[in-house]
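Peer 1: Could you work out the structure for the sequence below:
(4 chains)
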There are 2 protein chains.
Amino acid sequence: METITIKDIARALNLSTSTVSRALRDSYEINPETKKAVLEYAGRMNYRPNPIALSLKENRSRSIGVIVPEIANNFFAQVINGIEEVAYNLGYHVVIFQSHESREREEINLDHLVSRKVDGILTSVSSFSQDIPHFQDLIARGMPIVFIDRVPEEEKTFKVVANNYKGSYDATRHLLENGSKCIAQITSPKHLSITRERMDGYKDALHEFGIPFDEKYIRYCGHGGMKTEEILEAAQELIDMERRPDAIFTASDRLTTGTMAVIRKNKLRIPEDIALVGFTNIPVAELLDPPLTTIVQPAVEMGQTAMQLLVDMIENPKKEFDFAIRKLDTTLVVRESSIKK
Amino acid sequence: METITIKDIARALNLSTSTVSRALRDSYEINPETKKAVLEYAGRMNYRPNPIALSLKENRSRSIGVIVPEIANNFFAQVINGIEEVAYNLGYHVVIFQSHESREREEINLDHLVSRKVDGILTSVSSFSQDIPHFQDLIARGMPIVFIDRVPEEEKTFKVVANNYKGSYDATRHLLENGSKCIAQITSPKHLSITRERMDGYKDALHEFGIPFDEKYIRYCGHGGMKTEEILEAAQELIDMERRPDAIFTASDRLTTGTMAVIRKNKLRIPEDIALVGFTNIPVAELLDPPLTTIVQPAVEMGQTAMQLLVDMIENPKKEFDFAIRKLDTTLVVRESSIKK
DNA sequence: TTTATTTATGCAATCGTTATCGGGAACGTT
DNA sequence: AACGTTCCCGATAACGATTGCATAAATAAA
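Peer 2: Alright, predicted model coming up:
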């Protein structure tokens, strides 16, 4: 894998590397003819500046790092697409890593990004990371970081989230308006911000309909890296309750599909026996049996917004930002799984 | 983002950078006490060697590049998981890029990987890339490359694929054995290797059952970057045919779900009116209406295998390899969508 | 003609690391 | 006393590109 360098050009044209370098960057102090010769030769030999040498010198890389729990999760895949689109237009490269919901992997990835001198980081923290000293430390050292979806509480930086409160409120209200009376919730780990917000929307909707909140109908899942059995168990427990819920609200892709599978296995009907609404971005929701009512998160827009904010931070290091959290609205897509009659 | 360097350690301990460097790499020619002091200090200051400086010096990066069409595609996400697992254990980093089925993006990504000095590349070529001079050129220049799933014909390098012939043969045979008589196929672009292989399996199964092959029942999709309308149109055309097929065999995730949607929209029943079998790795296949019979590709294993082969190439540059194509068997998972009675 | 100014170029340092070469000190051998 | 070993360590160049500084030549101004 030999590649041509500025030195090769200099040698070939009997110039110094400085002259070549300046010619390539179109400096005014280079003789037009020299410039032309250099450009012509560089073009012909397909010269590409070595970004590694540049990174070493400038301590930056024109690339940004993304760490998400799983790319196999449709929501994150869409977020990444949004990020890439903006990054691409602004001349940044995007490097993608997965934490697989592991704290250790998260730290390794972070380490790697830092030592590769990425200009900034976009991330959705792993569900293991209750406290995040590794991120705090980085922020304190001036690394631009934008959190997406799963965001920490107090960090002084940008955060982009879906309006989880409203999404959850809308979903719960929709269930109540369509015949459900006892709504269970299967949700993500308790300490995540998204979990709290979704819980609040759920509670407020119940309250409006005069239904008391009951902790018995809540299941937190995914502490152990989102094991399938854990989900199935949680759903089964709800089904086996003395007073069985007549609706379940699920807070993510896998919780939704897992719950659906369990309901089916118990030969219960959706929505007659148990109505179902889920936070999910899977594209096949309408092909499921029955077609699934979903709260769709604006994943692509979230990625775009986050990337724009990050670039703003990168390119204006001194600027004082308003780090108020950015909330993007979700959309309730009503299909059959949620309507009792 | 200040980081400590070998120079800082040298200064602090009144040593030369060479000594520090050697102490850190545990060289025998360093006094144990000096070594201890250096190690201790480096540990305390959380020293991390600068990989960029190393890359510049050694012209390698201990990272490998992956280019896939879309990470939002479950199959590729799983392939990547297989790759990452092996890479992680061998101390390589994985950098993921998407081509979005665009030839241009593919070339940009490739360029980027090369100039970032990745040690090797794993890729599934975009459906646009009928001829692949950009890859050929790289292979000729000695870059280790392993192709996955969508592989070019003649390149002298490793290729890892699913046994598409057998998968397709099994699926077609299964349909024929379960009451289907006229099986259409919606498949990927004609020039892709996977398309040809799947076609062959399909033809051979038909032949065994004495059914003549009829080109009219074949639709190639995805030339334009896999537009949804194209899929829907293809499915609709088949449904509108004078002699409507009583089964459709679809060759990818999106073709399968798209086709399913069209059949539904036409108020036709699956499998009674039209049976359906698809190549797909979506995890919700069993939750669809009806549960979908699928040919599942060993995506994770494909990723693992490819990564192992790549490392073999990277670490044994001189070795003469047997570049025979690696075929991994698919699994036919029978559910309800394919069985007529 | 002399001096000042402009134009075009080269030199050398820099970024972090390691490999090559070399050398001083301490010791052992004749 | 003279030489060879061994042990430990340092100076330097190199990787590719940029850039402040120096400078030669050409031109303009005095």
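Peer 1: so what's residue A:63 bridging to?
Peer 2: Beta-bridge pairing of residue A:63 under DSSP bridges involves residue A:93.
Peer 1: Tell me the residues of the stretch 1-150 of chain A that contact chain B?
Peer 2: A:1-3, A:48-53, A:55-56, A:59, A:61, A:70-72, A:74, A:77-78, A:80-81, A:84, A:93-98, A:111-112, A:114-117, A:141-143 (CB under 8 Å from any CB of the partner chain). The way it works is simple: take the backbone N, C-alpha and C, and place the C-beta from them, glycine included.
Peer 1: From those, which land in helices?
Peer 2: A:51-53, A:55-56, A:74, A:77-78, A:80-81, A:84, A:111-112, A:114-115 (DSSP state H).
Peer 1: These also near DNA strand D: which ones?
Peer 2: A:53, A:56 (CB under 7 Å from any atom of the strand).
Peer 1: Give me the below-cutoff pLDDT ranges for the stretch 201-341 of chain A.
Peer 2: Segments of the stretch 201-341 of chain A classed as low confidence (criterion: pLDDT under 70) are A:223-227.
Peer 1: Quick check: the residue of it nearest chain B.
Peer 2: Closest approach between the stretch 201-341 of chain A and chain B, counting by CB to the nearest CB: residue A:289, at 2.9 Å.
Peer 1: need the contact list for that residue.
Peer 2: Counting by CB atoms under 8 Å, 6 or more residues apart in numbering or on different chains, residue A:289 touches B:287-290.
Peer 1: Out of the residues you listed, which is nearest to chain A?
Peer 2: Using CB to the nearest CB, those come closest to chain A at residue B:289, 2.9 Å.
Peer 1: now the helices for the stretch 201-341 of chain A?
Peer 2: A:228-239, A:253-265, A:299-315 (DSSP state H, counting those that start in this stretch).
Peer 1: Dump those helices to TSV, plus mean neighbour count and distance to DNA strand D.
Peer 2: Below are the helices of the stretch 201-341 of chain A laid out as TSV (neighbours: other CB atoms under 10 Å in any protein chain shown; distance: least, CB to the nearest atom of the strand, whole Å):
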stretch	mean neighbour count	distance to DNA strand D
helix A:228-239	18	48
helix A:253-265	23	44
helix A:299-315	21	16
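Peer 1: Any idea which of those helices gets closest to residue A:169?
Peer 2: Among the helices of the stretch 201-341 of chain A, helix A:253-265 comes nearest to residue A:169, with 17.9 Å by CB to CB.
Peer 1: what sits up against the closest one?
Peer 2: By CB under 8 Å, 6+ apart, helix A:253-265 touches A:73-75, A:186-188, A:221-222, A:226, A:228, A:231-232, A:235-236, A:239, A:248, A:250, A:270, A:273-274, A:276, A:278-282, A:288, A:292, A:294, B:283-284, B:286-287.
Peer 1: From the ones in helices among the residues of the stretch 1-150 of chain A next to chain B, keep the buried residues only.
Peer 2: A:51-52, A:55-56, A:74, A:77-78, A:80-81, A:84, A:112, A:114 (16 or more other CB atoms under 10 Å in any protein chain shown).
Peer 1: pLDDT and distance to residue B:123 for those - can I get that in CSV?
Peer 2: Formatted as CSV, those follow (pLDDT from 0 to 100; distance: CB to CB, whole Å):
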residue, pLDDT, distance to residue B:123
A:51, 94, 20
A:52, 95, 21
A:55, 95, 24
A:56, 95, 28
A:74, 90, 23
A:77, 94, 18
A:78, 95, 22
A:80, 97, 18
A:81, 95, 19
A:84, 94, 17
A:112, 90, 21
A:114, 93, 27
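Peer 1: Could you identify the most distant pair in those residues?
Peer 2: The span of those, defined through CB to CB, is set by A:56 and A:74 at 38.0 Å.
Peer 1: Output the buried ones among the ones in helices among the residues of the stretch 1-150 of chain A next to chain B in a markdown table, with distance to DNA strand C appended to each entry.
Peer 2: Formatted as a markdown table, those follow (distance: CB to the nearest atom of the strand, whole Å):
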| residue | distance to DNA strand C |
| --- | --- |
| A:51 | 12 |
| A:52 | 10 |
| A:55 | 9 |
| A:56 | 4 |
| A:74 | 39 |
| A:77 | 35 |
| A:78 | 37 |
| A:80 | 30 |
| A:81 | 34 |
| A:84 | 29 |
| A:112 | 14 |
| A:114 | 13 |
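Peer 1: for those residues, which one is nearest chain B?
Peer 2: Among those, and counting by CB to the nearest CB, the member closest to chain B is residue A:77, at 3.8 Å.
Peer 1: Spatially nearest residue to the closest one (excluding sequence neighbours)?
Peer 2: Using CB to CB, 6 or more residues apart in numbering or on different chains and skipping the chain neighbours, the partner closest in space to residue A:77 is residue B:72 (3.8 Å).
Peer 1: before we move on, what about residue A:291?
Peer 2: Nearest non-adjacent residue to residue A:291, counting by CB to CB, 6+ apart: residue A:335, 3.8 Å away.
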